[in-house]
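Chemist: how would this look folded up:
(2 chains)
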Amino acid sequence: MASAREEAAGHAGGLGLSRSERVALAGLAALLVFGPFAIYPIFLMNALCFALFAAAYNLMIGYVGLMSFGHAAFFGMGSYVGGWTARYWHLDPLLAIAMGGATGLLMGTAFGWLALRRQGQAIYFATITLALAQMVYFVCVRATGFTGGEDGLQQVPRGRLLGLLSLTSDRAMYVVVAAIFLAGFLAIVRVVHSPFGQVLVAIRENEPRAVSLGYQTRHYKLIATIISCTLSGVAGAMQAIVFGIASLENVHFSMSGEVVLMTLTGGMGTLLGPVVGGFLVTAMENYLAPLGNWVNVLQGIVFVACVLTFRRGIVGVLGARTGWRL
Amino acid sequence: MILGVPPALLFSQVMLGLINGAFYALMSLGLAVIFGLLNIINFVHGALFMMGAMLAWLLASYVGLGYWWALFIAPAMVGVFALMLERLFVRRLHGVDPLYGLLLTFGLALVIEGVFRVKFGTQGMGYDIPPSLQGAFRLGFMVLPVYRAWVVAAAVLLCLLIWLAVEKTRLGSVLRAATENAALVQAFGINVPRLVTLIYALGGALAAFAGVLGAPITSVDPNMGQNIVIVAFAVVTIGGLGSIAGPIVMGFVVGLIEGLTKVFYPDASSVAIFVLMILVLLIRPAGLFGRAA
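Modeler: All right, here's what the predicted structure looks like:
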């Protein structure tokens, strides 16, 4: 994790970005524009959903040092609510995605508030969020009327954007996904570089000191959690709209593990890391799917290897080598 | 009728609850002791539980060794395996943010469970109750299968023994001292790294023992440890990680509450534990046995 001094250095520009960050963002924007010409758009959309999910997750683990192990609950419930409202309430796709975000917001507020009641060891935040997410999973397994149980919530329509533009073509859908991803990502960048974000980093680096400076650190942690969970819900709902299905997989705890894996491999506490990690893990799952259960074994090995030897992640190492802030 | 429920049903669910409680107690006890010493939440515990049950099944199907053999061999093998895990992986995280310990052990669990799934699929395997423990006691108010009584008795006895060992023996006092202040204990000439390895291995063996106990009453499959480890996390969260008695008592209490929920409101039985955790967080955020930070 980068030091606070590095983060505090070099503030300029509208979003408070350093030069290297602006170059990186331009690269990301170029990828979004030219990507679909080179890469299968369905894969790209899936990767963007996960990249947004991981970027949202990173806001907590990377910038506040709060480890949630239950983020599948927000992503998964976001996808159920987004899918449900699109299918049964015939909501506009944008509104349905917003409903997913609202679900993440409400759940994040409740879960975050509960988990933060336990003071002391940071590890409890992980066990509490994991347990709460497991509860959500069991409720989803039982509530077959809402979730469709093992079959999932199927036949979610992509609908018409603002009632006008049909999103059935992958190209149209892609533009919407890319736009929402970019908006979410820039929101996170904005939060990280705001005075609020600086306090988050201060809490990560030395919480007692932040407290002694007069910050109500619990409030800051809760707000960061809520922002993260809201965007996770948006990512989940977006995925349900793109693929037309919301399934139990999305609320299972292995999804919580996957988002950690994305953030870890890409680089915790870096802006671009989770995006890189999101693409990497999605690609791994996509292209290695024929290997079946070996994919899990491989994921586990990557986990272990990263934790033991590569804690900074790809972007973290790249940033340290080049001296750029990415 | 008791509270509108036939007594036989009530008692049999209470018994089932106690059995689940026995597993929760054995699992959470290991988790809490390992956490106390290593500061690591050991996610791999569920996989070790599964390995215990799978090994019992493998010993029976391929080697022809029955339950009583498995009860000793499987924990010993898993204990050695856990020892290797500690030496090869967990040890390297010394001095690193404890959150990484959870990630590392999560990764290890993925690998272990994945390998078992590749080899054996996800279909549940049956494991017979040993002939000496078949049958049932007729108690008048309920019929108590011998095997269930044995599981609860064995778990209670083992928990008591461990509690006594931690409270009364020299090794136990060293363990408690090292949990409080490892550096100081090391300064007294005690080999703390070796103690850590030993405790980690014993915790793993305990999980495997629970796995063998569970083999005849639950379906044996590579995913069987996944939920139980999360429940054990909830149990240590409810009880607080700071004590030995906490996880034991809370394990049984949680199992019992789960069993009672099955009688009165079956739909909620799988979430009862988590609701209990929420209530504890609302009423006593530091945990029932925990000290306030």
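Chemist: can you give me the helices for chain B?
Modeler: B:7-38, B:45-58, B:67-88, B:99-120, B:146-168, B:170-180, B:182-187, B:192-214, B:224-239, B:245-264, B:272-283 (DSSP state H).
Chemist: what sits against the closest residue to B:Asn20 other than its chain neighbours?
Modeler: Distances taken as CB to CB, 6 or more residues apart in numbering or on different chains place B:Gly255 nearest to B:Asn20, at 4.1 Å, with adjacent residues excluded. From N, CA and C alone the C-beta is placed, and that goes for glycine too. For B:Gly255, the contact set (CB atoms under 8 Å, 6 or more residues apart in numbering or on different chains) comprises B:Gly17, B:Leu18, B:Ile19, B:Asn20, B:Gly21, B:Ala22, B:Phe23, B:Tyr24, B:Ala25.
Chemist: repeat for A:Thr225
Modeler: Taking CB under 8 Å, 6+ apart, we find A:Thr225 in contact with A:Met60, A:Leu66, A:Ser68, A:Gly108, A:Phe111, A:Gly112, A:Leu116.
Chemist: A:Ala187 too?
Modeler: Taking CB under 8 Å, 6+ apart as the contact definition, A:Ala187 lies against A:Ile227, A:Leu231.
Chemist: That one and chain B: what is the separation?
Modeler: In this view, A:Ala187 and chain B are 25 Å apart by CB to the nearest CB, to the nearest Å.
Chemist: try A:Gly159
Modeler: When distance is defined by CB to the nearest CB, A:Gly159 is 33 Å away from chain B.
Chemist: these two touch, right, that residue and A:Ala96?
Modeler: Yes. A:Gly159 is in contact with A:Ala96 according to CB atoms under 8 Å; the separation is 7.4 Å.
Chemist: More neighbours: which of those two?
Modeler: The residue with the greater number of neighbours, taking A:Gly159 and A:Ala96 and applying other CB atoms under 10 Å in any protein chain shown, is A:Ala96; the counts read 26 against 21.
Chemist: pLDDT below threshold where in the stretch 51-200 of chain A?
Modeler: Filtered on pLDDT under 70, the stretch 51-200 of chain A yields no residues whatsoever.
Chemist: what residues does it put near chain B?
Modeler: A:61, A:65, A:67, A:69, A:114-115, A:117-124, A:126-128, A:130-132, A:134-135, A:138-139, A:141-142 (CB under 8 Å from any CB of the partner chain).
Chemist: Select only the buried ones of those residues in PyMOL?
Modeler: Selection of the buried residues among these in PyMOL, burial being defined by 16 or more other CB atoms under 10 Å in any protein chain shown:
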select buried, chain A and resi 61+65+67+69+114+115+117+118+120+121+123+124+126+127+128+130+131+132+134+135+138+139
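Chemist: Helices of the stretch 151-300 of chain A, residue ranges please.
Modeler: With DSSP state H, counting those that start in this stretch applied, the stretch 151-300 of chain A shows helices at A:170-193, A:195-205, A:207-212, A:217-243, A:253-266, A:273-288, A:294-309, listed in chain order.
Chemist: Mind putting these into a markdown table with distance to B:Ser219?
Modeler: Putting those into a markdown table (distance: least, CB to CB, whole Å) gives the following:
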| stretch | distance to B:Ser219 |
| --- | --- |
| helix A:170-193 | 41 |
| helix A:195-205 | 43 |
| helix A:207-212 | 45 |
| helix A:217-243 | 31 |
| helix A:253-266 | 20 |
| helix A:273-288 | 28 |
| helix A:294-309 | 20 |
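Chemist: and of these, who's closest to B:Gly107?
Modeler: Evaluated with CB to CB, those place helix A:294-309 nearest to B:Gly107, the distance being 2.7 Å.
Chemist: Quick check: which ranges of the stretch 1-150 of chain B have low pLDDT?
Modeler: Counting by pLDDT under 70, the stretch 1-150 of chain B shows low-confidence ranges at B:1-2.
Chemist: The stretch 101-250 of chain B against chain A: which residues are in contact?
Modeler: Of all the residues in the stretch 101-250 of chain B, those lying near chain A are B:102-104, B:106-115, B:117-118, B:226-227, B:230-231, B:233-234, B:236-237, B:241, going by CB under 8 Å from any CB.
Chemist: and which of the contacts of B:Gly255 is nearest chain A?
Modeler: Looking at the contacts of B:Gly255 and their distance to chain A, the nearest is B:Tyr24, at 12.6 Å (CB to the nearest CB).
Chemist: Setting aside sequence neighbours, what's the nearest residue to the closest one?
Modeler: When the adjacent residues along the chain are set aside, B:Tyr24 lies closest to B:Gly251, with 3.8 Å between them (CB to CB, 6+ apart).
Chemist: And the residue nearest the centre of the chain?
Modeler: Defaulting to chain A. Centroid check for chain A by CA atoms, centre = their mean gives A:Phe53 as the closest residue, at 1.7 Å.
Chemist: Just to check, that one is in contact with A:Gly236?
Modeler: Yes. Because the distance of 7.2 Å satisfies CB under 8 Å, A:Phe53 is recorded as touching A:Gly236.
Chemist: Touching both of those two, which residues are there?
Modeler: By the contact definition CB under 8 Å, 6+ apart, A:Phe53 and A:Gly236 are jointly contacted by A:Phe75.
Chemist: what comes into contact with stretch B:57-70?
Modeler: Outside stretch B:57-70, the residues that reach it (CB under 8 Å, 6+ apart) are B:55-56, B:73-74, B:125, B:127-130, B:133, B:212, B:215-216, B:220.
Chemist: pLDDT score assigned to A:Ala2?
Modeler: With respect to pLDDT, A:Ala2 has a value of 45.
Chemist: meant to ask about B:Ala292, not that
Modeler: The predicted local confidence for B:Ala292 comes out at a pLDDT of 47.
Chemist: Equivalent analysis for A:Arg5, please.
Modeler: The pLDDT attached to A:Arg5 in the predicted structure is 45.
Chemist: B:Tyr200 now?
Modeler: On the pLDDT scale, B:Tyr200 is placed at 94.
Chemist: Kindly provide the distance from the residue nearest to it when sequence neighbours are not counted to A:His90.
Modeler: With sequence-adjacent residues excluded and distances taken as CB to CB, 6+ apart, B:Tyr200 is closest to B:Glu86, at 4.2 Å. In this structure, B:Glu86 and A:His90 are 56 Å apart, going by CB to CB, to the nearest Å.
Chemist: out of the two, which sits in the busier spot?
Modeler: In this view B:Glu86 and A:His90 are compared by other CB under 10 Å, and B:Glu86 has more residues nearby, 24 against 11.
Chemist: For chain A, see how far away that one is.
Modeler: Counting by CB to the nearest CB, the gap from B:Glu86 to chain A is 13 Å.
Chemist: and if you look at B:Lys262?
Modeler: Distance, B:Lys262 to chain A, using CB to the nearest CB: 14 Å.
Chemist: how many neighbours does that residue have?
Modeler: Under the neighbour criterion other CB under 10 Å, B:Lys262 is assigned a count of 21.
Chemist: That one contacts B:Ser269, doesn't it?
Modeler: Yes. In this structure, B:Lys262 sits in contact with B:Ser269. The criterion is CB under 8 Å, and the distance is 4.4 Å.
Chemist: and the residue of the stretch 151-300 of chain A nearest chain B?
Modeler: A:Gly300 (3.1 Å).
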